[in-house]
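> I'll drop the sequence and a predicted model, then ask my questions.
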Amino acid sequence: QVELVESGGGLVQAGGSLRLSCAAPGLTVSLYTMGWFRQAPGKEREFVAGIASSGSTYYSDSVKGRFTIARDNAKNTVYLQMNSLNPEDTAVYYCASARSGRSMLYKLSYDYWGQGTQVTVSS
């Protein structure tokens, strides 16, 4: 059974950093496209970053240059390093997995989702 477990969220001041982790028991992350999405109150869930099985990465324009997605195959874990956080980054962040080859930008590409972790950035 596939399970995605996010951790690392919390409260941080503007300009600060957080690192989110996504552990994936039951799934080999290096064989899948792994993505991070976020959902702020009253808004739709949006793509943040993704890493393909090849290792290629892609970022939304809003986080490019500030966030980094990475994968540790030995730990079977995907990370999202978030730097220079601002209040607009406040949201619940979700990890998700998709079959390799699907577009990483779209929610419908993803088959499994974690429960989410809250990130709150204070001004």
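Cool, got the structure. Numbers count the residues shown, from 1 in each chain.
> where along the protein do the strands fall?
For the chain, the strands defined by DSSP state E cover 5-7, 10-13, 18-23, 32-39, 46-51, 57-59, 67-72, 77-82, 91-99, 110-113, 117-122.
> what comes up buried for the first one?
Of the residues in strand 5-7, those buried by neighbour count under the rule 16 or more other CB atoms under 10 Å are residue 6. No exception for glycine: its C-beta is placed from N, CA and C like everyone else's.
> Can you give the strand pairings for that strand, parallel or anti for each?
Within its sheet, strand 5-7 is paired with strand 18-23 (antiparallel), according to DSSP bridges.
> how about the partner strand: buried residues?
18, 20, 21, 22, 23.
> do the same with stretch 84-98
In stretch 84-98, counting by 16+ other CB under 10 Å, buried: 85, 89, 90, 91, 92, 93, 94, 95, 96, 97, 98.
> quick check, nearest of those residues to residue 52?
Residue 52 lies nearest to residue 98 out of those, by CB to CB, at 9.4 Å.
> Point to the residue nearest the middle of the chain.
Geometric centre of the chain, nearest residue: residue 36, 2.3 Å, by CA atoms, centre = their mean.
> Give me the neighbour count for the closest residue in space to it that isn't next to it in sequence.
Sequence neighbours aside, residue 48 is the residue nearest to residue 36 in space, at 4.4 Å (criterion: CB to CB, 6 or more residues apart in numbering). When neighbours are defined as other CB atoms under 10 Å, residue 48 has 23 of them.
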